[in-house]
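> return atomic coordinates for the entry below.
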Amino acid sequence: MQPEIVDFITTQKDRDLIVSFAIRDEPFDSVNSLTLLRQLEFEPFLPLEDRGVYVSHEGFPGIDDDDRLKSLRWQGEEVQIETRDGHQFRLDVGAVEPEQKRAAVKVLRAMRFDHAFGLRVEL
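Coordinates of the predicted model:
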C-alpha cells in the first residue's frame, strides 16, 4: 500500500480536538480529508465503548461513521493510522510545513489524555 500524499494539516483545539490531513487526489486536482475528531464536550455522556477519536476519510467510502482510532504512529515523514474496525491508512507528510506537523502532534497528544489509543511519535 503506497502512502497517500498530504499537502497540509489543519488542527483545532477548542471544544473539539481535530486533526485533519488534506490528502492529494491527483486525478481530480483536489484533496480529500482524513479527519480525527474527539468531541470532549459530549464524551462524558457516552458509554465507554463509544468514547475516543472518530476517524473519517472522504475518499474511503467503506469507513463507518462510528469507527474510532486504535493507533497512530508518526515516524519521520510517514504517519500510519489504524482504526478499531481494522482500516489502515499510510500518509506521507513530507510536503507539510513543520509548524503544521508540530501543531498536529500537540493536538494528538491532547486527544490521548486518557490513553484511548496508541500513539508513537518520532519526528
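
> and the residue nearest the centre of the chain, its phi and psi?
Closest to where the C-alpha atoms of the chain average out (Cα atoms, centre = their mean) is Leu36, at 3.8 Å. Per-residue torsions, Leu36: phi -110, psi 120 (degrees, to the nearest 10).

> can you read off the pLDDT for it?
Looking at Leu36, its pLDDT is 98.

> mind listing the helices for this structure?
98-111 (DSSP state H).

> pLDDT weak spots in this structure?
Along the chain, the model assigns pLDDT under 70 to no residue.

> picking up where we left off before, quick check: the residue nearest to the centre of the chain touching Val55?
Yes: using Cβ atoms under 8 Å, Leu36 is in contact with Val55, at 6.0 Å. Every residue, glycine included, has its C-beta placed from N, CA and C.

> and for those two, which residues touch both?
Any residue near both Leu36 and Val55 by Cβ atoms under 8 Å, 6 or more residues apart in numbering counts here, and that gives 69, 81.

> hmm, back to that, show me what contacts the closest residue to the residue nearest to the centre of the chain other than its chain neighbours?
Excluding the flanking residues, the one nearest Leu36 by Cβ to Cβ, 6 or more residues apart in numbering is Val19, at 4.6 Å. Going by Cβ under 8 Å, 6+ apart, Val19 touches 9-11, 35-36, 104, 107-108, 111.

> I'd like those residues as CSV, with distance to His87 appended.
Formatted as CSV, those follow (distance: Cβ to Cβ, whole Å):
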residue, distance to His87
Ile9, 19
Thr10, 21
Thr11, 22
Thr35, 13
Leu36, 13
Ala104, 19
Val107, 21
Leu108, 18
Met111, 18
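
> identify the bridge partners of the residue nearest to Leu36.
Thr11, Leu36 (DSSP bridges).

> what's the spacing between it and Val121?
12 Å (Cβ to Cβ, to the nearest Å).

> list residues touching both of these two?
Joint contacts of Val19 and Val121 (Cβ under 8 Å, 6+ apart) are Leu108.

> before we move on, the earlier item: which of the contacts of Val19 count as buried?
9, 11, 35-36, 104, 107-108, 111 (16 or more other Cβ atoms under 10 Å).
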